[in-house]
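**Student:** Pasting the sequence and the predicted coordinates here, then a few questions.
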Amino acid sequence: MVESLNTRADLTTDGISFLGIGARYGKILIGDRAFEFFNEKNIQDYIQIPWSEVNYVQAQVSHNKIGRRFKFNTTIGELDFSSKDAGKILKGIREYIGNDKVVRAPTLWQRIKNLFLKLKFKLKRNKK
C-alpha cells in the first residue's frame, strides 16, 4: 500500500495522467505537502510531486477560460495531467507554490512565432 505524503487533503477529484504511452485514469489529491495522482485500477501506479520539487505549472487558457490540461515542470522533468476541475486544482496549487509559478501555456501561434524567431536568429548568426 502506498503512503500519502500529505497530512491533510484540500481537494480530491478525478483526473487523467499522461505519463508515457496512453492515459491513466485515477484520483488527483492536493494536500499540504504534495500533489498526488493515484491510479484507480492499480494502486501501485502513483505519482507524488512534493511542492519543493515544482518549478512551475502551465495551464491552457483560451478566450479567458481555463482548459482541462495542465503541466507540471519539476526538477526531474515534465508531467501532464487533465481534469474537469482544472480551475479548482490550479487554485489549490496556487496556495502552496504561489501565483508566480502558475503560468499560461504558450498558444500554438506563440510557439510558431518563437520557432520562426529562433530560425531567424540562427540564420543571422551563421552569416557573421
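**Tutor:** Received the coordinates, thanks.

**Student:** Just grab the bridge partners of the most centrally placed residue in the chain for me.
**Tutor:** Nearest to the geometric centre of the chain sits residue 71, at 2.2 Å (CA atoms, centre = their mean). On the basis of DSSP bridges, residue 71 is bridged to residue 58, residue 80.

**Student:** how about the strands in the protein?
**Tutor:** 9-17, 24-31, 34-39, 46-50, 54-62, 65-74, 78-82, 102-104 (DSSP state E).

**Student:** for the closest residue to residue 89 other than its chain neighbours, what are its contacts?
**Tutor:** Excluding the flanking residues, the one nearest residue 89 by CB to CB, 6 or more residues apart in numbering is residue 83, at 5.8 Å. Where C-beta positions appear, they are placed from N, C-alpha and C, glycine not excepted. If you count contacts by CB atoms under 8 Å, 6 or more residues apart in numbering, residue 83 has them with 13-16, 28, 68, 70, 89.

**Student:** Retrieve the pLDDT associated with residue 83.
**Tutor:** Confidence at residue 83, expressed as pLDDT, is 94.

**Student:** give me phi/psi at it?
**Tutor:** phi -160, psi 150 (degrees, to the nearest 10).

**Student:** ok, the residue nearest to the centre of the chain touching residue 80?
**Tutor:** Yes. Using CB atoms under 8 Å, residue 71 is in contact with residue 80, at 5.1 Å.
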